[in-house]
Every structure is written in C-alpha cells, then in structure tokens.
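*Asks:* I'd like to go over a predicted model; first the sequence, then the structure.
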Amino acid sequence: ELKVEQNPLFLSMQEGKNYTIYCNYSTTSDRLYWYRQDPGKSLESLFVLLSNGAVKQEGRLMASLDTKARLSTLHITAAVHDLSATYFCAVDIGGSEKLVFGKGTKLTVNP
Amino acid sequence: DAGITQSPRHKVTETGTPVTLRCHQTENHRYMYWYRQDPGHGLRLIHYSYGVKDTDKGEVSDGYSVSRSKTEDFLLTLESATSSQTSVYFCAIRPGVLKPQHFGDGTRLSIL
C-alpha cells in the first residue's frame, strides 16, 4: 500500500524567508503532482514531476523529484502573504491513474 | 476551466437517508474520480471510472456506490448516509495522459 507523508503539516513563516516542504512516499513511482488549496476552495494544480531529477519552477515556488530517495520537495523562496494556502503532494500508484495524497501542509505567511 | 460541475454544492440530510451527488463534465474525458476531504486526512479516493460503466474502488469505498451511464456524468451514492460520511466531496477528471487531475468546486455534505 502506497503511503505519502508530508512534513511539516503546519508551517508559519515570515515574509521574505525561505523554506522547504517535504513529501516522502513508500513505493516506487515516477509521477508526482503538487496542488494548492485556498480555504473553502478547490484544488489547483501547481507542478507535474514525471522523472527522476525533474525540477519545475513557477515564481517563488520550485518543486523537485528524487525517485531513488522517494522524495519530492517544494521550496519557497522569499515568501509573500499570497502564498498562504494548503499544499498537497500526490503520487500516482504505479501508472494506475489513481493518486494517493499527502495530508497537506498548511502554510501561513506572516507580514 | 475544464468544465466540471458538481451538484448540489451544499446538502444537509439525516442519518439513514439516501444521498446522490452528481459530477458533470463537458469535455468527454475518460477518467473521472470521487474523493472525500476530511481534516487531517488530505484527499482520499472513494471510487473512480475509466469509461462508461467501468468503475473501480478506491481506498475508502465502503458505504458508497457509483454509476456512470454516460461519459459526462459520474454519480456517487450513499445508500444509507451515516454521520461519518459528513465531509467535503470532490469530483475530478483527468484531461489526458500524464496530465494532472482537475477538480470540481466540491460538495459540502452534512449528515445529522
């Protein structure tokens, strides 16, 4: 059974600071997705990582995938308040088109 | 917008009553999914469909059934609702191979 663990689950940081969210998973997969969810809203796709060593960047967010370590990271650079949201990673179960989600990381960026 | 509509958006009902949630898509995508979201659990897959009349269970399928009689509609039914099924339910579609799933706006279901 595939397990996906995110940490931290809660993250409070100051504007301008850098931080990393980690996503570990328990079995082999080379497809990993990052989503963002604002309170009371739906999920929005951020990144699709499809191979070992994949790196994607959008604005102040950068995601990477290490399939050998079964680890993905979401790095936040110079955080701003607008990045406050819950971030989820989701791992494809061996190409089955089914996703297993982590529990999410609730990020709060304080002025 | 991938053209996903969930209905109803909110529902309050009583324990033991049947409930059906509808997910409608306008773009003929093959794969459709139902998830529930609960605090502390992230999203968990209930059932999914890979074509008309082709469905399979997810990790939390007990107490739920689904039907897909046409490409655009995927129905989730709680035959006899229980309070533990109070949750936010999301429908999703997969727009293509290796594309991220796209989610509807969710249905907030409260079972009293």
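*Replies:* That came through, no problem.

*Asks:* show me the strands in chain B, by range?
*Replies:* B:4-7, B:10-13, B:19-25, B:31-38, B:42-51, B:54-57, B:64-70, B:73-78, B:87-94, B:102-103, B:107-111 (DSSP state E).

*Asks:* can you tell me the strand partners of the second one and which way each runs?
*Replies:* Here strand B:10-13 is paired, per DSSP bridges, with strand B:107-111 (parallel).

*Asks:* burial of A:Asn110, as a residue count?
*Replies:* By the other Cβ atoms under 10 Å in any protein chain shown criterion, the neighbourhood of A:Asn110 contains 11 residues. C-beta here means a position set from N, CA and C on the backbone, and glycine is covered the same way.

*Asks:* thinking again about what came up before, now render the strands of chain B as TSV, adding distance to A:Ala78, mean pLDDT and mean neighbour count.
*Replies:* As requested, the strands of chain B are arranged in TSV below (distance: least, Cβ to Cβ, whole Å; pLDDT from 0 to 100; neighbours: other Cβ atoms under 10 Å in any protein chain shown):
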stretch	distance to A:Ala78	mean pLDDT	mean neighbour count
strand B:4-7	34	97	18
strand B:10-13	38	98	13
strand B:19-25	38	98	19
strand B:31-38	30	97	23
strand B:42-51	27	95	20
strand B:54-57	44	95	14
strand B:64-70	44	97	16
strand B:73-78	41	98	19
strand B:87-94	31	97	23
strand B:102-103	29	96	22
strand B:107-111	35	98	18
